[in-house]
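1. Requesting a structural model of the entry that follows:
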Amino acid sequence: MLVIGGGPAGLRAAEVARAANASVTLCDAQPSVGRKFLVAGRGGLNLTHGEPVENFPQRYDSEPERWRDLLRELGPNDLRAWADELSVETYVGTSGRVFPRGQKAAILLRAWLRRLRLAGVQFRTGARLTSLQFHDRFWRAELVREGEPFAISAEAVVLALGGASWPETGSEGTWPALFAAHDIEITPWSPANCGWEIEWPAAFLEKQEGQPLKNLTVSAGGESVSGELLITRYGIEGGAIYRLGPKLRAMQSPEIAIDLKPQLSAAALRARLTRTENPAQWLRAVKLSPSAVALLKSIFPEDLHEIERLIARIKRISLPLRGPRPIAEAISSAGGVAWTELTAALMIGKMPGVFVAGEMIDWEAPTGGYLLQGCFSTGTRAGRSAADFAASVGLTR
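-> Modelled structure (predicted):
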C-alpha cells in the first residue's frame, strides 16, 4: 500500500499499516517528512489534552459520533502510551495540555522515524503527487521527483496531504484539483485558529501592540469563551478568538463582545465604584489590567465619568471585526473532503481503496492538543483500514 503525505496523520497511517503486515511506501513532496509536526512544536509540542476522553467529541466542530468512534481506537491515553513506547515521557501541564518531557518535537520525531525505518517503511521524499487513477485493480499514483516523472501502483492508498495553513511545510491546499474527475464533494478552505483584524486607534496601538488582555469572557454568535486575547498590529490573536472562529465565520458582520471583568457582576462593580466619589479612581478600584484600562480610555473616554455607563462598558465592549487573517498564517484550516464522502473506515466511497486522514478531512478543533489528536486518530483508522483492504484485495487476486 501507498501513503502520500508525511505529516503526523500520514506517518501514523504508515506505522499502523506496517504493523498489520502491509508493505508500505510513504511519499512526500518535501525534502524531509514531519515538517508541520516540527512547526507545531516550536513553542512546546502539545500532543493531546488531559481532559476526560468523553469530552473530546464536543471539541470537534462536527460529527461527534464519528469522533467518539475514532477516539475509541486511539484516544489521548493511547497517544501518551505510544509516546512512552518511543521512550518519550509525557506530562499534563497546568492548563490540562499534554506535552512530551522537554517539550521538543524533534526528539519525538527522530525516535518515531527510526522505528518506522526499522519496521520496513520505505520513504521517498521530494516526490509530488500529480494524479491518481484506477487501473487494472490497482491505484496508480503518478508523481514527479527532481523533474522526473515516475509511478507507483498499490492496492490501497492513504492520502494525508494536509490542509491549507503553513504552506511552507507542504500543506499547500492545492490537492482538491486531483479529485476533479472523481466528483468528490470538497468544502472550500477557510482559516481556523487564526487572528482577526480590527481597526485599532493609532494612539492605542502605539503603546499596546503585543500586550495581553487577560481574564476575559469573549462572546460571538451566542457562544462565550473564557481566556485571553493578544493585541496585534492588525487586530487580535489568542485562544479565545480561535475557539470562536466557526461562529465568527458564519456571521455576515462578525463582531465580538468582551466582558473585561467576568468575575464580578454589574451589582458587584457598582458596589466597588460607589465607595469613592472620585472618577479618576474608578478604574483602579475594579482592578482592570493596564491594557483593559487603555482600551476603555482610548475608545470610550466619554463613558469613564458616569458610573452606570462605565459598568456597561466594562461588562460589554463590542468590537467589529474586518475579517480573519490569511489562511497561510492560520494555525489550522477548515474545509476539505466532506464527511458524507467517507465510510466509517475513512475510505472515499466513490474511490474504493483510497483512504484519507488528518486535515484533508473537513474538520476543525481548537488548539490545546485536539488538532494533533485528531491527526493521530484519523491516521490510525485510515492506516488500519487501508491495510485490511489491501490484504483482502491480495486474497482475491
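2. Show me where the stretch 51-200 of the chain has its helices.
-> 64-73, 76-85, 105-119 (DSSP state H, counting those that start in this stretch).
3. and the last one, what does it pack onto?
-> If contacts are counted by 3 or more C-beta pairs under 8 Å, 6 or more residues apart in numbering; DSSP states H and E, helix 105-119 sits against helix 8-19, helix 35-40. C-beta here means a position set from N, CA and C on the backbone, and glycine is covered the same way.
4. next one: the second one
-> If you count contacts as 3+ C-beta pairs under 8 Å, 6+ apart, helix 76-85 packs onto strand 48-49, strand 90-92, strand 97-100, helix 370-396.
5. So which of the helices and strands packed on helix 105-119 is the most surrounded?
-> Comparing these by mean neighbour count (mean count of other C-beta atoms under 10 Å), helix 8-19 comes out on top with a mean of 27.
6. Just the CA trace of that helix, in PDB.
-> Extracted in PDB, the C-alpha atoms of helix 8-19 (Å, rounded to 0.1, in the frame of the first residue of the first chain):
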ATOM      1  CA  PRO A   8       1.600  13.100  11.700                       C
ATOM      2  CA  ALA A   9      -1.500  11.600  10.100                       C
ATOM      3  CA  GLY A  10       0.500  10.000   7.200                       C
ATOM      4  CA  LEU A  11       3.300   8.800   9.400                       C
ATOM      5  CA  ARG A  12       0.800   7.200  11.800                       C
ATOM      6  CA  ALA A  13      -1.100   5.600   8.900                       C
ATOM      7  CA  ALA A  14       2.200   4.100   7.700                       C
ATOM      8  CA  GLU A  15       3.100   2.900  11.200                       C
ATOM      9  CA  VAL A  16      -0.300   1.200  11.800                       C
ATOM     10  CA  ALA A  17      -0.400  -0.400   8.300                       C
ATOM     11  CA  ARG A  18       3.200  -1.800   8.600                       C
ATOM     12  CA  ALA A  19       2.300  -3.300  12.000                       C
END
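7. Name the strands paired with the next helix or strand after it and say parallel or antiparallel.
-> Proceeding N to C from helix 8-19, the next assigned helix or strand is strand 25-28, under DSSP states H and E. The strands beside strand 25-28 in its sheet (DSSP bridges) come out as strand 2-4 (parallel), strand 122-125 (parallel).
8. can you pull the buried residues of the longest one?
-> Of the residues in strand 122-125, 123-124 count as buried by neighbour count, 16 or more other C-beta atoms under 10 Å.
9. Break this structure down into its domains, please.
-> As given by automatic domain parsing, the domain ranges for the chain are 2-191+329-396, 196-324.
10. related to what we said a few turns ago, relative to residue 261, which of the helices and strands packed on helix 105-119 is closest?
-> helix 35-40 (33.9 Å; C-beta to C-beta).
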